[in-house]
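Visitor: Show me how the following folds:
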Amino acid sequence: MAAKLLIPLAIFSFFFHHATSDTYDTFSKQISLKKLGLKKEKLTHLHFYLHDIVSGSHPTAVRIAAAKITNTSSTGFGFIAMADDPLTVGPNPRSKLVGYAQGIYGSASQNDVGLLMVLNLVFTQGTYNGSTLSLFGRNAIMSKVREMAIVGGSRLFRFSRGYAQASNYLFNTTSGDAIVEYNVYVLHY
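Guide: Okay, here's the model as predicted:
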């Protein structure tokens, strides 16, 4: 009987020792940037136009939620929209497509028109094809120039940080459609 237990006990001890060894009990460790293939940090300027179309039969942004007070609020407070807005090199909607702004925005101010923006800038052309930037911040859409944070990214924009400046190129107060010029400055490796 003891011999039958000895083999399973030895196997258990072997696996228990390896599962609890130093290899697995470290939460974090410092590594070099070179180990991840990261070299010198650089600053990149991206310029494009975002087309936020909320009207018509093919909108690029749709309301997905609203509060009871949204329709009576002067600022639209409480609405939330989901966006898949095209990004183009020029203000003309038929100019070259370079990506999409995908995410949510909503009215977060009861005193002025201030949107909370949470967007992934997904690039689909050229050098940055398949790379993304994550934009987060307050967008006071009636201000001439607004600034929001770039809080991260993927692929060629790993470890990125920076800011985006947005200004209205065209805003249709009747339909709510907008074309917004973006200048994005990003530090990345």
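
Visitor: where in the chain is pLDDT low?
Guide: Segments of the chain classed as low confidence (criterion: pLDDT under 70) are 1-24.

Visitor: Quick check: closest non-adjacent residue to residue 61.
Guide: If the residues on either side of it in the chain are set aside, residue 61 comes closest to residue 83, at 4.0 Å by Cβ to Cβ, 6 or more residues apart in numbering. Where you see a C-beta, it was placed from the backbone N, CA and C, and this is true even at glycine.

Visitor: Look up phi and psi at that neighbour.
Guide: The phi/psi pair for residue 83 (degrees, to the nearest 10) reads phi -120, psi 150.

Visitor: That one: neighbour count?
Guide: As a burial measure, residue 83 scores 21 neighbours (other Cβ atoms under 10 Å).

Visitor: quick one, what contacts it?
Guide: Applying Cβ atoms under 8 Å, 6 or more residues apart in numbering, we find residue 83 in contact with 52, 60-61, 101-105, 119.

Visitor: Which members of those residues are positioned in strands?
Guide: Secondary structure of the contacts of residue 83 is defined by DSSP state E; positions in strands are 52, 61, 101-105, 119.

Visitor: looking at those residues, which has the most residues close by?
Guide: residue 101 (25 neighbours).

Visitor: what helix or strand is the nearest residue to residue 165 once chain neighbours are set aside on?
Guide: Nearest non-adjacent residue to residue 165, counting by Cβ to Cβ, 6+ apart: residue 183, 4.7 Å away. Using DSSP states H and E, residue 183 sits within strand 178-188.

Visitor: got the contacts of residue 83 as TSV, with distance to residue 167 columns?
Guide: Written out in TSV, the entries for the contacts of residue 83 read as follows (distance: Cβ to Cβ, whole Å):
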residue	distance to residue 167
52	13
60	19
61	18
101	15
102	21
103	20
104	21
105	16
119	16
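
Visitor: Residue 138: which of those residues is nearest?
Guide: Checking these against residue 138 with Cβ to Cβ, the nearest one is residue 105 at 10.4 Å.

Visitor: how much space between the closest one and residue 128?
Guide: Taking Cβ to Cβ, to the nearest Å as the measure, residue 105 and residue 128 are separated by 23 Å.

Visitor: Residue 41: which of the ones in strands among the contacts of residue 83 is nearest?
Guide: Looking across these and measuring by Cβ to Cβ, the closest to residue 41 is residue 119, at 23.6 Å.

Visitor: check contacts around that closest one.
Guide: Under the contact definition (Cβ under 8 Å, 6+ apart), the residues listed for residue 119 are 83, 101-105, 134-136.

Visitor: swap the cut-off to 10 Å and go again
Guide: When contacts are counted by Cβ atoms under 10 Å, 6 or more residues apart in numbering, residue 119 touches 50, 83, 85, 100-105, 132-137, 139, 148, 164.

Visitor: Check residue 63 too.
Guide: Residue 63 touches 54, 70, 76, 79-82, 106, counting by Cβ under 10 Å, 6+ apart.
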